[in-house]
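K.L.:
Mind folding the following:
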Amino acid sequence: MAADFSIQTVMNLRLSPIGFVLLLASAVLLVVSLFAWRSGRVPTLVPLILAAFAGYQIAVFASAARTTLRYLGAPVAPAQVLHYAHIGVVQRARMRIHTYRFILAVSPPDAPMFEASAVIPVQEANSGRLHQGERFMVRYLPGKPDSVMFERQLEE
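P.N.:
Residues are numbered from 1 along each chain as shown. As a prediction, this is how the structure comes out:
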């Protein structure tokens, strides 16, 4: 159950800029291959295979695309780890990713500090660095304290 939750958490992360471009390319490939199939100028099997591939990519990364668009203009603020608990681990390609539930103190520059809960995946190489008091940057949706998402490490 923890592994399933971890996979779901990883698949709902924001897309990188390259990932978003690849998703848009899949959408274009889907449309072009359907038009090619409909025109009949290309052997039927080729555009259908390309459309199936593009449709699969879109289906797999649709939730990540929604998350990306949702957090596009979200403010960024520093957060400090108050507590954390290990939930599970999942193997993705050659990486082991651990999922943790964090209780964070988020300090927006133009608003009062608030506590938030967040489920954040952490690569195995970085899991040994976790400790109470660690600080990093997060994105959040104003008015929704449990909408916090990891942004990046603080520059030291």
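
K.L.:
domains of the protein?
P.N.:
The chain breaks down into these domains under automatic domain parsing: 2-70, 76-153.

K.L.:
any chance of the ones you listed in CSV, with mean neighbour count too?
P.N.:
Quick note: C-beta positions are derived from backbone N, CA and C, even for glycine. Converted to CSV, the domains of the chain look like this (neighbours: other C-beta atoms under 10 Å):
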stretch, mean neighbour count
domain 2-70, 14
domain 76-153, 15
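
K.L.:
got the residue ranges for the strands in this structure?
P.N.:
Applying DSSP state E to the chain gives strands spanning 76-92, 95-106, 114-123, 135-141, 144-153.

K.L.:
okay, those in CSV with mean pLDDT next?
P.N.:
Shown next, in CSV, are the strands of the chain (pLDDT from 0 to 100):
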stretch, mean pLDDT
strand 76-92, 86
strand 95-106, 86
strand 114-123, 84
strand 135-141, 88
strand 144-153, 80
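
K.L.:
Can you redo those as a markdown table, where the extra columns are distance to A51?
P.N.:
Shown next, in a markdown table, are the strands of the chain (distance: least, C-beta to C-beta, whole Å):
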| stretch | distance to A51 |
| --- | --- |
| strand 76-92 | 26 |
| strand 95-106 | 30 |
| strand 114-123 | 31 |
| strand 135-141 | 34 |
| strand 144-153 | 32 |
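
K.L.:
Out of the ones you listed, flag the one nearest S26.
P.N.:
Among these, strand 76-92 comes nearest to S26, with 19.5 Å by C-beta to C-beta.
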